[in-house]
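>>> Need a 3D model of the following:
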Amino acid sequence: MRVLVTGFGPFPGVTLNPSEAAVDALQRRADTGRMPGLQVGTAVLPVDFTTIPGQIAEIMRLVRPQLVLCTGVDMGAEAITVERVAINLLDARVPDIKGAQPVDQPVVPGAPDGLFATIPVKAVRRAIQQSGAPAELSLSAGTYGCNALMFAALHHAPPGTRVGFLHIPSLRVMGTATSATALAAAVQACVEHETDIDEVGGELA
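Numbering: from 1, shown residues only. Below you'll find the model as predicted:
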């Protein structure tokens with residue numbers, strides 16, 4: 001199976017993005033034969049609102065992955081969050097690396113208002129927990145670069161390509177080795193589960 005895993009580079013307030021470190025560690029794991037049966041490719045995207053949609057579309061066109069697992073950082077999180085839905089909205093709390101700070105703009109003009117992850121989110125949550133890292137389901141990927149990437153990847157994914165997004169906590173909360181192991185577990189869960197597991201994952205408002 002061809003797998004694409006992405007992370008993000010730095011952005012204002014985050015000089016070292018834990019998702020970049022985790023993705024790099026995952027690639028080293030794959031390169032040393034510790035992810036057998038998988039063709040793993042990784043990419044680190046700049047936090048640039050104007051290029052995110054086009055970049056992920058082009059990377060997917062070149063790699064032709066069957067699974068896309070995007071990652072980013074949530075500096076306030078205490079666990080890896082498995083995102084269930086992305087919305088077609090940019091509303092940036094801080095500027096991107098080019099200084100752009102869009103407010104109430106679409107990620108992809110003319111696209112649907114929202115798109116659901118197509119990976120087995122509950123199986124992924126369980127696999128991450130079993131790998132030794134805390135994990136939760138999330139109903140909001142925010143309105144910054146992470147949500148933009150998740151939405152664009154879902155929108156541009158060809159039929160049959162599954163797409164999901166994981167938010168990784170800060171390095172204060174979770175070390176790179178733990179997050180890379182969790183990413184590997186998440187990938188394996190997607191390989192093993194064509195459909196999701198029957199497990200409660202809802203929330204009370």
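>>> Output the longest helix belonging to this structure.
Ordering each helix of the chain by length in residues (DSSP state H) puts helix 176-192 first.
>>> All the strands of the chain, residue numbers only.
2-8, 39-45, 67-73, 80-83, 85-87, 90-91, 103-105, 114-116, 135-138, 162-168 (DSSP state E).
>>> Would you reformat those as a markdown table and include distance to residue 155?
Just so you know, the C-beta spots here come from the backbone N, C-alpha and C atoms, and that holds for glycine as well. What follows is those, written out as a markdown table (distance: least, CB to CB, whole Å):
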| stretch | distance to residue 155 |
| --- | --- |
| strand 2-8 | 15 |
| strand 39-45 | 16 |
| strand 67-73 | 12 |
| strand 80-83 | 15 |
| strand 85-87 | 9 |
| strand 90-91 | 14 |
| strand 103-105 | 15 |
| strand 114-116 | 6 |
| strand 135-138 | 19 |
| strand 162-168 | 9 |
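>>> for the record, mean pLDDT for the longest helix of the chain?
For helix 176-192, mean pLDDT rounds to 98.
>>> for that helix, the distance to its chain's centre please.
Put simply, helix 176-192 sits 12 Å off its chain's centre (CA atoms, centre = their mean, to the nearest Å).
>>> name the helices or strands packed onto that helix?
On a contact count with 3 or more CB pairs under 8 Å, 6 or more residues apart in numbering; DSSP states H and E, helix 176-192 meets strand 2-8, helix 18-31, strand 67-73, strand 80-83, helix 121-130, strand 162-168.
>>> got the contact list for the fourth one?
Outside strand 80-83, the residues within contact range by CB atoms under 8 Å, 6 or more residues apart in numbering are 74, 117, 121, 124-125, 128, 133-138, 140-141, 146, 150, 164-169, 174, 179, 182, 186.
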